[in-house]
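In: One predicted model, sequence on top.
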Amino acid sequence: MSRSARRVSIPVRTGCILGCVVGFVLLFASCQHILDEASHAARIHTCRSNIKQLSQNINLYAQDWDDRLPMASALSDAIWNFEDHLLSFRCPDYPVNAPGLGYAYNSNLSLRRRATVADPGTTPLLYDSDILQSNAHAPGRTGLADPPRHNVPREDVMLGFHLMNAIGFLDGHTASLDTQAGVEAKKRE
């Protein structure tokens, strides 16, 4: 092999190696983005699932107490009997060392009979909250976490996220609430 052929092959090899390295870095970056989106989606799904289970426990409580919902200031104590592992229902995006579960109870429902609520499908029961205490409660939706707690991947824009809160309603369905738009942004469950 001539001396000039060897000189040409070294830059070609280096270029190939560099191209492969750049390709692997780009592949890793795109995989990381996909994993981040999946992680965000899983956390809000877990949060909504927790709210749904806690809402069911609140409704079980009401069935045992003449259709009355629990007192807001003693919510955790009231539903503890229906769920032995209440702390396992902590919001996955709630600050680790904060007291409570990361959800607030609609205090307008405190000690009310479920039958007296005009529209259970639009009446909030539990929701993501930034009230950092046990038995967190606030009237209506006034205790919603602000800014919203969850980054949810947008379906219409690549690399975009919505900021959302999870919310559970008295009739038992849950939703992801886009508080900036003021609407339920995900399908009801």
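Out: Happy to help now that I have it.

In: Enumerate every residue touching residue 90.
Out: By CB atoms under 8 Å, 6 or more residues apart in numbering, the contact list for residue 90 reads 50, 101-102. Yep, even glycine has a C-beta here, placed from its N, CA and C like the rest.

In: To clarify, my last question referred to residue 73.
Out: 110, 135, 137.

In: That one should be in a helix, yeah?
Out: Yes. Residue 73: assigned to a helix according to DSSP: H, G, I helix; E, B strand; the rest coil.

In: So it versus residue 46, what's the distance?
Out: 27 Å (CB to CB, to the nearest Å).

In: For the chain, which segments are assigned as strands?
Out: 103-106, 124-128, 137-138, 150-153, 161-169, 174-178, 183-184 (DSSP state E).

In: so where do the helices sit in the protein?
Out: Assigned by DSSP state H, the chain shows helices spanning 3-64, 75-80.

In: Quickly, which of those helices bottoms out on average pLDDT?
Out: Here the helices of the chain differ in mean pLDDT, and the lowest is helix 3-64 at a mean of 70.

In: Looking at the strands of the chain, spot the one closest to residue 60.
Out: Proximity to residue 60, assessed across the strands of the chain by CB to CB, is greatest for strand 124-128 (13.1 Å).

In: What are the buried residues along the closest one?
Out: 124-128 (16 or more other CB atoms under 10 Å).

In: coming back round to it: go through the strands of the chain and pick out the most buried.
Out: Each of the strands of the chain was scored by mean neighbour count; the highest is strand 103-106, a mean of 28, by mean count of other CB atoms under 10 Å.

In: partner strands of it, parallel or antiparallel?
Out: Pairing partners of strand 103-106, with direction, according to DSSP bridges: strand 124-128 (antiparallel), strand 137-138 (parallel).

In: could I get the ones you listed as a markdown table with distance to residue 62?
Out: Formatted as a markdown table, the strands paired with strand 103-106 follow (distance: least, CB to CB, whole Å):
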| stretch | distance to residue 62 |
| --- | --- |
| strand 124-128 | 11 |
| strand 137-138 | 16 |
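
In: ok, the nearest residue in space to residue 94 that is not next to it in sequence - contacts?
Out: Closest residue to residue 94 apart from its sequence neighbours, by CB to CB, 6 or more residues apart in numbering: residue 102 at 3.0 Å. Counting by CB under 8 Å, 6+ apart, residue 102 touches 47, 90-91, 93-95, 128-129, 149.
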